[in-house]
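> next one to model:
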Amino acid sequence: MSVRLRQDAIVRSLRRKGTSTVADLAEEVGVSRRTVLRDISALRDEGFIIHSEPGPGGGLQLDPQSVQTTARLSVAEVFALLISVATMRAAGSLPFSGLADAGLAKIEKALPPDKIRDLRRFLDCLYIGKLSPQVDISNIQEMEPALLPTFETAFLQRLPLSFQYCDAKGAITSRVVEPQAMLILSPLWYLVAWDPVRKDFRHFRMDRISNPEYLKGKTFRWRHVLFEDDVSSVRHLPR
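Next up is the predicted model:
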């Protein structure tokens, strides 16, 4: 269980039971008492009001009116929100853009410095353009939910990415590539990657990718990706 899921489980348990001991929480989430105490401290830092009552009959108690005041979003979740806003803005269909930008700014401000750094690096890989009317989108499918967080880890840590790819003719092949960028030509999304076997860049429709995994043990170097003139970095889109 990840730290985030474990802390969420502690909050749910305290809300459900009213009062619980450190020992009971440790057994429930499968960690040591010391780890639970660190989690309680972290939850308090995020705005949860958790009372401690020592002695027999005491324990930990979550204030019923307590709410979280610090965002607990992952880099991929914030990135997904930013992508949605940027895509709609590029398409000229973003009503209430000022409110959307203000909300995103508050979310970014609440992120810790390390996540801000990762988010900025992640945004550097995002490009947006317009899809040619000649492109057939009749067979577009939903993307796998695991693709974005897997791509995030592979991109930020410069790890090769493996996946199964189904081409336009329905043939499925196994690929291992070096992810360099994401290109959104709404409604199609593309992974732009360096293919070490073919020694060239390849564009993979992300709705045709399945079973994505990042591969530990070997990192790759960044390569400069050339895009068409009508493709812009998300950082350079007008607001």
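> what about residue 26, is that helix, strand or coil?
What DSSP: H, G, I helix; E, B strand; the rest coil gives for residue 26 is helix.
> wait, it touches residue 39, no?
No. Residue 26 lies out of contact with residue 39 (Cβ atoms under 8 Å); the separation is 9.7 Å. All C-beta atoms are positioned from the backbone trio N, CA, C, and that covers glycine.
> quick one, strands of this protein?
19-20, 50-53, 59-62, 126-128, 161-166, 172-185, 188-195, 200-205, 209-214, 232-233 (DSSP state E).
> so for residue 226, which of the ones you listed sits nearest?
strand 200-205 (8.3 Å; Cβ to Cβ).
> of all the residues in the closest one, which ones are buried?
Across strand 200-205, burial judged by 16 or more other Cβ atoms under 10 Å covers 201, 202, 204, 205.
> what packs against that strand?
Here strand 200-205 touches strand 172-185, strand 188-195, going by 3 or more Cβ pairs under 8 Å, 6 or more residues apart in numbering; DSSP states H and E.
> pLDDT score for the residue nearest the centre of the chain?
With distances taken as Cα atoms, centre = their mean, the residue of the chain nearest its centroid is residue 76 (1.1 Å). Looking at residue 76, its pLDDT stands at 78.
> and it, what does it touch?
148, 149, 152 (Cβ atoms under 8 Å, 6 or more residues apart in numbering).
> which residues touch the first one?
Yep, that's residue 148 we're talking about. Residue 148 makes contacts with 76, 79, 80, as judged by Cβ under 8 Å, 6+ apart.
> nearest to residue 52 among the contacts of residue 76?
For these, the nearest to residue 52 is residue 149 (34.9 Å; Cβ to Cβ).
> which non-adjacent residue is nearest that closest one?
Leaving out its chain neighbours, the residue that sits closest to residue 149 by Cβ to Cβ, 6 or more residues apart in numbering is residue 76, at 4.3 Å.
> would you mind measuring from that neighbour to residue 115?
10 Å (Cβ to Cβ, to the nearest Å).
> equivalent analysis for residue 179, please.
Residue 179 is 20 Å from residue 115, by Cβ to Cβ.
> residue 173 too?
To residue 115, residue 173 is 35 Å away according to Cβ to Cβ.
> look at these two and report which has more neighbours.
residue 115 (17 against 9; other Cβ atoms under 10 Å).
> residue contacts, that one?
Neighbours of residue 115 in contact, by Cβ under 8 Å, 6+ apart: 74, 75, 78.
> swap the cut-off to 6 Å and go again
When contacts are counted by Cβ atoms under 6 Å, 6 or more residues apart in numbering, residue 115 touches residue 75.
> got a pLDDT number for it?
pLDDT, residue 115: 79.
> just residue 105 next, same as before
77.
> for residue 7, same thing?
88.
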